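1. Turn this into a structure:
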Amino acid sequence: MEPVVHAFDPPDRFVAGTVGPPGQRTFFLQARVGRQIVSVSLEKQQVTILAARIDGLLDDLMEKAATRTIIPAVAPLDLADDAPLEQPIEEEFRAGTMTLSWDGDDERVVIEVFPFDEAAAIDDETGMALPETEPDEVFLVRLSAGVARAFVERAARVVSAGRPDCPFCGGPIDASGHLCVRANGFKRRA
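-> Below is the predicted model of the structure:
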(Lines give C-alpha, C1' and ligand atoms only; values in the text may rest on other atoms or scores of the structure.)
Protein backbone atom coordinates (compact mmCIF):
# COMPACT_ATOMS: atom_id res chain seq x y z
CA MET A 1 0.00 0.00 0.00
CA GLU A 2 1.33 3.41 -0.98
CA PRO A 3 1.87 5.87 1.87
CA VAL A 4 -0.24 9.01 2.17
CA VAL A 5 2.02 11.88 1.14
CA HIS A 6 1.24 15.31 2.59
CA ALA A 7 3.22 17.29 0.00
CA PHE A 8 3.85 21.03 0.02
CA ASP A 9 5.85 22.15 -3.01
CA PRO A 10 6.20 24.98 -2.13
CA PRO A 11 4.04 25.76 0.90
CA ASP A 12 2.38 29.13 1.40
CA ARG A 13 3.63 28.84 4.97
CA PHE A 14 5.97 26.44 6.82
CA VAL A 15 6.74 27.09 10.48
CA ALA A 16 7.64 25.55 13.80
CA GLY A 17 5.37 26.52 16.68
CA THR A 18 4.08 25.46 20.05
CA VAL A 19 0.87 25.02 21.98
CA GLY A 20 0.78 25.25 25.78
CA PRO A 21 2.64 27.04 28.56
CA PRO A 22 6.43 26.77 29.02
CA GLY A 23 7.30 23.40 30.50
CA GLN A 24 4.20 21.81 28.99
CA ARG A 25 4.55 22.90 25.37
CA THR A 26 3.82 20.64 22.43
CA PHE A 27 5.95 21.43 19.39
CA PHE A 28 4.58 21.29 15.85
CA LEU A 29 5.78 21.62 12.29
CA GLN A 30 2.95 23.14 10.27
CA ALA A 31 2.59 23.66 6.54
CA ARG A 32 -0.20 25.33 4.61
CA VAL A 33 -1.16 25.67 0.97
CA GLY A 34 -4.43 27.53 0.47
CA ARG A 35 -6.87 25.94 2.92
CA GLN A 36 -4.90 22.69 3.33
CA ILE A 37 -3.08 22.65 6.69
CA VAL A 38 -0.97 19.78 8.03
CA SER A 39 0.45 19.78 11.55
CA VAL A 40 2.98 17.21 12.76
CA SER A 41 3.98 17.07 16.42
CA LEU A 42 7.58 16.55 17.43
CA GLU A 43 10.05 16.99 20.26
CA LYS A 44 11.82 20.25 21.07
CA GLN A 45 15.15 18.59 20.30
CA GLN A 46 13.90 17.58 16.86
CA VAL A 47 13.02 21.20 16.08
CA THR A 48 16.45 22.33 17.28
CA ILE A 49 18.30 19.70 15.25
CA LEU A 50 16.23 20.26 12.10
CA ALA A 51 16.84 24.02 12.22
CA ALA A 52 20.57 23.53 12.83
CA ARG A 53 20.86 21.05 9.96
CA ILE A 54 18.98 23.33 7.55
CA ASP A 55 21.21 26.23 8.57
CA GLY A 56 24.32 24.10 8.07
CA LEU A 57 23.12 22.83 4.69
CA LEU A 58 22.51 26.38 3.47
CA ASP A 59 25.90 27.54 4.80
CA ASP A 60 27.61 24.67 2.96
CA LEU A 61 25.76 25.56 -0.24
CA MET A 62 26.87 29.18 0.06
CA GLU A 63 30.51 28.09 0.29
CA LYS A 64 30.70 25.16 -2.11
CA ALA A 65 27.86 24.91 -4.57
CA ALA A 66 27.29 26.86 -7.72
CA THR A 67 23.59 27.67 -7.65
CA ARG A 68 21.49 29.74 -9.99
CA THR A 69 19.75 31.45 -7.09
CA ILE A 70 21.22 33.38 -4.21
CA ILE A 71 21.47 31.54 -0.89
CA PRO A 72 20.86 34.21 1.79
CA ALA A 73 23.20 34.28 4.78
CA VAL A 74 20.34 35.41 7.04
CA ALA A 75 16.56 35.23 6.78
CA PRO A 76 15.13 37.87 4.42
CA LEU A 77 13.09 40.41 6.41
CA ASP A 78 10.07 40.08 4.12
CA LEU A 79 9.86 36.34 4.97
CA ALA A 80 9.79 36.79 8.77
CA ASP A 81 6.79 35.01 10.29
CA ASP A 82 5.80 35.70 13.91
CA ALA A 83 2.15 34.70 13.60
CA PRO A 84 0.78 31.87 15.75
CA LEU A 85 0.12 28.41 14.36
CA GLU A 86 -2.95 28.25 12.17
CA GLN A 87 -6.17 26.81 13.53
CA PRO A 88 -7.36 24.15 13.79
CA ILE A 89 -4.25 22.33 14.99
CA GLU A 90 -4.96 18.67 14.33
CA GLU A 91 -1.95 16.38 14.66
CA GLU A 92 -1.53 14.18 11.59
CA PHE A 93 1.12 12.09 13.33
CA ARG A 94 4.07 12.29 15.72
CA ALA A 95 7.39 12.78 13.96
CA GLY A 96 9.97 10.05 14.01
CA THR A 97 12.66 9.97 11.35
CA MET A 98 13.33 13.10 9.31
CA THR A 99 15.44 13.52 6.20
CA LEU A 100 16.94 16.69 4.79
CA SER A 101 18.38 17.18 1.33
CA TRP A 102 19.04 19.74 -1.39
CA ASP A 103 17.39 19.33 -4.80
CA GLY A 104 19.96 20.89 -7.11
CA ASP A 105 17.66 20.82 -10.14
CA ASP A 106 14.88 22.87 -8.50
CA GLU A 107 17.23 24.52 -5.97
CA ARG A 108 15.02 23.67 -3.02
CA VAL A 109 15.55 22.34 0.49
CA VAL A 110 13.63 19.07 0.81
CA ILE A 111 12.36 17.93 4.22
CA GLU A 112 10.69 14.57 4.72
CA VAL A 113 9.12 13.67 8.06
CA PHE A 114 8.05 10.11 8.78
CA PRO A 115 5.80 8.96 11.64
CA PHE A 116 7.31 7.63 14.84
CA ASP A 117 6.66 3.90 15.07
CA GLU A 118 7.87 2.45 18.34
CA ALA A 119 6.89 -1.10 17.39
CA ALA A 120 8.98 -0.97 14.22
CA ALA A 121 12.03 0.60 15.83
CA ILE A 122 13.35 -2.14 18.15
CA ASP A 123 12.69 -5.85 18.51
CA ASP A 124 11.57 -6.50 22.11
CA GLU A 125 13.30 -9.88 22.30
CA THR A 126 16.67 -9.08 20.76
CA GLY A 127 16.86 -5.33 21.33
CA MET A 128 18.06 -4.99 17.74
CA ALA A 129 16.72 -2.54 15.19
CA LEU A 130 14.20 -4.10 12.85
CA PRO A 131 14.29 -3.64 9.09
CA GLU A 132 12.55 -0.47 8.05
CA THR A 133 8.95 -0.84 7.06
CA GLU A 134 7.11 1.33 4.60
CA PRO A 135 5.56 4.28 6.49
CA ASP A 136 1.82 4.90 6.35
CA GLU A 137 2.31 8.66 5.90
CA VAL A 138 4.99 11.12 4.83
CA PHE A 139 5.10 14.89 5.40
CA LEU A 140 7.07 16.37 2.48
CA VAL A 141 8.02 20.04 2.26
CA ARG A 142 10.12 21.71 -0.44
CA LEU A 143 11.40 25.20 0.40
CA SER A 144 13.36 27.94 -1.32
CA ALA A 145 16.60 28.91 0.44
CA GLY A 146 15.12 32.17 1.74
CA VAL A 147 12.07 30.47 3.23
CA ALA A 148 14.32 27.82 4.77
CA ARG A 149 16.43 30.54 6.47
CA ALA A 150 13.23 32.17 7.76
CA PHE A 151 12.16 28.78 9.16
CA VAL A 152 15.52 28.45 10.97
CA GLU A 153 15.22 31.92 12.50
CA ARG A 154 11.66 31.32 13.74
CA ALA A 155 12.52 27.85 15.06
CA ALA A 156 15.31 29.35 17.17
CA ARG A 157 12.91 31.92 18.64
CA VAL A 158 10.26 29.27 19.35
CA VAL A 159 12.72 26.96 21.11
CA SER A 160 14.26 29.75 23.21
CA ALA A 161 10.85 31.11 24.27
CA GLY A 162 10.40 28.32 26.82
CA ARG A 163 11.74 27.98 30.32
CA PRO A 164 15.16 29.53 30.96
CA ASP A 165 18.12 27.18 31.35
CA CYS A 166 19.98 26.85 34.64
CA PRO A 167 23.44 28.42 34.24
CA PHE A 168 24.97 25.58 36.26
CA CYS A 169 23.42 22.34 35.03
CA GLY A 170 21.67 23.46 31.83
CA GLY A 171 18.33 21.99 32.93
CA PRO A 172 15.12 24.00 32.59
CA ILE A 173 14.08 26.22 35.47
CA ASP A 174 10.35 26.27 36.25
CA ALA A 175 8.71 29.38 37.73
CA SER A 176 8.91 27.62 41.10
CA GLY A 177 12.63 26.88 40.55
CA HIS A 178 14.41 23.53 40.33
CA LEU A 179 16.78 21.42 42.37
CA CYS A 180 20.11 21.91 40.67
CA VAL A 181 22.34 18.84 40.74
CA ARG A 182 25.44 21.00 40.31
CA ALA A 183 24.51 23.30 43.20
CA ASN A 184 24.36 20.47 45.75
CA GLY A 185 20.58 20.43 45.84
CA PHE A 186 20.08 24.14 46.38
CA LYS A 187 16.95 25.38 44.69
CA ARG A 188 17.53 27.83 41.83
CA ARG A 189 14.90 30.33 40.80
CA ALA A 190 14.19 31.74 37.35
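
2. contacts, neighbours, all on C-alpha from now
-> Fine.

3. In this structure, what residue spans correspond to helices?
-> 44-64, 118-121, 145-160 (DSSP state H).

4. want to try TSV for those helices, with distance to Val5 as columns?
-> Formatted as TSV, the helices of the chain follow (distance: least, Cα to Cα, whole Å):
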stretch	distance to Val5
helix 44-64	20
helix 118-121	20
helix 145-160	20
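
5. Mean pLDDT lowest where, among these?
-> Note on these: helix 118-121 shows the lowest mean pLDDT, a mean of 60.

6. Now the spatially most central residue of the chain: closest residue in space that isn't a chain neighbour?
-> In the chain, the centroid-proximal residue (Cα atoms, centre = their mean) is Val47; its distance is 3.1 Å. Distance criterion Cα to Cα, 6 or more residues apart in numbering; nearest residue to Val47, sequence neighbours excluded, is Ala155 at 6.7 Å.

7. And for Glu90?
-> Glu90 sits nearest to Ser39 (Cα to Cα, 6+ apart), 6.2 Å away.

8. longest strand anywhere in this protein?
-> Taking DSSP state E as the criterion, the chain has its longest strand at strand 91-103.

9. okay, now Leu85: neighbour count?
-> Applying other Cα atoms under 10 Å, we find 18 other residues in the vicinity of Leu85.

10. Excluding sequence neighbours, find me the nearest residue to it.
-> In space, and not counting its chain neighbours, Leu85 is closest to Gly17: 6.0 Å by Cα to Cα, 6+ apart.

11. now Glu2
-> Using Cα to Cα, 6+ apart and skipping residues adjacent in sequence, the residue nearest Glu2 is Asp136, 7.5 Å away.

12. Roughly how far does the one you found sit from Leu57?
-> With the distance defined as Cα to Cα, to the nearest Å, Asp136 ends up 28 Å from Leu57.

13. When the two are compared, which one has more neighbours?
-> Taking other Cα under 10 Å, Asp136 and Leu57 do not tie; Leu57 has more neighbours (16 against 12).
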